[in-house]
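S.K.: sequence first, then the predicted structure, then my questions.
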Amino acid sequence: MTMPFVVPRPPELEPATWPAYGLTTLTVLPLVWRRRAPMTVLFALLAAGALYKLALEGPGQPLPYPGLVSVYTVAVLSPPWKRLVTALLLLVAVPVSVWLNTQSARELTFSLFVFGAACVFGRLTDARQRAHRVEAEQAAARERSRIAREMHDILSHAVSLMIVQAEAGPLAVRRAPERAEAAFEAISETGRDAMAQLRGMLGVLRDEGGSAAPRDPQPGVDRLPELVERVRGGGIEVRYATEGTVRPLPAATGATVFRIVQEALTNVVKHAEAGSVSVRLGYRGDEVEVRVTDDGRGPRPGGSGGHGLVGVRERAAAHGGRASAGPGPDGRGFELRAVLPLEVRG
């Protein structure tokens, strides 16, 4: 068909009528609702096509683009039973339409092919969308797990140190007032540091006025001496040393090293009843090794290590590394060991 005011029709062809052109043009309107009611739109288009051929006797055959779009939408959005009804409907409607127009086997084959292709592309689109949704849900679950690990490490470490300092405070007030003052200062410093880290983490989740809240960088190995000093203020002797050639770590790896050491020291404060602990960082080839060893009571028989050690293993695995925990040298105390690659592996 050609619009008579754009391309004049040859005189040997049937004259074009405005109702036929109008109906052909209006068949695209139901597509506006195709996502809300795919099957209803498909039936509307089939009814419009039948009206065009049987009632208006319009010249030529309208192009089936609206029908293809509608069939594609049914294949993407509709449940299996509606897709089956659509397939059976096409197996009837397409041959009838071809018989009313050209009665050509070539036209029948072509029409069945293009409508079948619309169904196939619709199913492929649905599969791709479902895969994307699953991937997004898995990414969200991983992020929730990461945030839970971070908050556990921050709060567990800070609260454990504050409890130790607070319990030692009354005794220090009676025997050594100057130590009591230092203990209270350590409690205050630990609380402020925890609040700063929590604000930085929550800033990742908060979006005010369309712009992300300011974020502080995650702590890295450069803050390990500060962490060691804070634990040392709780009355535990802490030794910190490095082995090998010290080199800069990627930010993500440095943050993981810090959190692993933080969790290990938190466990020492909470559970080990240790008098001393050793923290060692070893730079060996393309790996960095973290060892935290104490002289406490060692692992509990049959103990699983709790959420903290599970989080340590998860952190190490996320960077392509490994972590283990168990009795210290000669079976005394407790030792946590983690090995991380210096470059994060995808």
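M.R.: Cool, the structure landed. Residues are numbered from 1 along each chain as shown.
S.K.: so where is the stretch 101-250 of the chain shaky, pLDDT-wise?
M.R.: By pLDDT under 70, the weakly predicted segments of the stretch 101-250 of the chain are 102, 164-165, 167-183, 200-217.
S.K.: please, where are all the helices along it?
M.R.: 105-175, 177-205, 224-232 (DSSP state H, counting those that start in this stretch).
S.K.: who wins for proximity to Ala252 among these?
M.R.: Minimum separation from Ala252 across the helices of the stretch 101-250 of the chain (CB to CB) falls at helix 105-175, 11.1 Å. C-betas here are computed from N, CA, C, even on glycine.
S.K.: can you give me the distance of Gly234 to Ser188?
M.R.: Going from Gly234 to Ser188 by CB to CB, to the nearest Å gives 14 Å.
S.K.: more neighbours: which of these two?
M.R.: Each of Gly234 and Ser188 has its neighbours counted (other CB atoms under 10 Å); Gly234 has more, 22 against 12.
S.K.: who touches stretch 81-95?
M.R.: 38-39, 42, 46, 71, 74-75, 78, 108, 111-112, 115, 119 (CB atoms under 8 Å, 6 or more residues apart in numbering).
S.K.: that older thread, most neighbours per residue, which of the helices of the stretch 101-250 of the chain?
M.R.: helix 224-232 (a mean of 17; mean count of other CB atoms under 10 Å).
S.K.: any idea of the angle that one forms with helix 105-175?
M.R.: Put simply, helix 224-232 runs at 50 degrees to helix 105-175, going by axes from the mean of the first three to the mean of the last three CA atoms, to 10 degrees.
S.K.: which elements pack onto helix 224-232?
M.R.: helix 177-205, strand 237-243, helix 251-267, strand 276-284 (3 or more CB pairs under 8 Å, 6 or more residues apart in numbering; DSSP states H and E).
S.K.: just the element for Pro42, please.
M.R.: No, residue 42 isn't Pro; it's Leu. helix 38-51 (DSSP states H and E).
S.K.: one step back: wait, which of the contacts of stretch 81-95 is closest to Val257?
M.R.: Of the contacts of stretch 81-95, the one sitting nearest to Val257 (CB to CB) turns out to be Ala75, at 50.9 Å.
S.K.: spatially nearest residue to that closest one (excluding sequence neighbours)?
M.R.: The shortest distance from Ala75 to any non-neighbouring residue, by CB to CB, 6 or more residues apart in numbering, is to Gly122 (2.4 Å).
S.K.: give me the buried positions along stretch 287-301.
M.R.: Val288, Glu289, Val290, Arg291, Val292, Thr293, Asp294, Asp295, Gly296, Gly298, Pro299 (16 or more other CB atoms under 10 Å).
S.K.: can I get it in PDB, CA atoms only?
M.R.: The C-alpha trace of stretch 287-301 is given here as PDB (Å, rounded to 0.1, in the frame of the first residue of the first chain):
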ATOM      1  CA  GLU A 287      52.000 -12.700  48.300                       C
ATOM      2  CA  VAL A 288      51.600 -11.100  51.700                       C
ATOM      3  CA  GLU A 289      51.300 -13.300  54.800                       C
ATOM      4  CA  VAL A 290      49.500 -12.200  58.000                       C
ATOM      5  CA  ARG A 291      50.300 -14.100  61.200                       C
ATOM      6  CA  VAL A 292      48.700 -13.300  64.600                       C
ATOM      7  CA  THR A 293      49.900 -15.500  67.400                       C
ATOM      8  CA  ASP A 294      49.000 -15.300  71.100                       C
ATOM      9  CA  ASP A 295      50.100 -17.200  74.300                       C
ATOM     10  CA  GLY A 296      46.500 -17.700  75.600                       C
ATOM     11  CA  ARG A 297      44.500 -20.700  76.300                       C
ATOM     12  CA  GLY A 298      44.300 -21.800  72.600                       C
ATOM     13  CA  PRO A 299      41.300 -23.000  70.600                       C
ATOM     14  CA  ARG A 300      38.400 -24.600  72.400                       C
ATOM     15  CA  PRO A 301      37.900 -28.300  71.800                       C
END
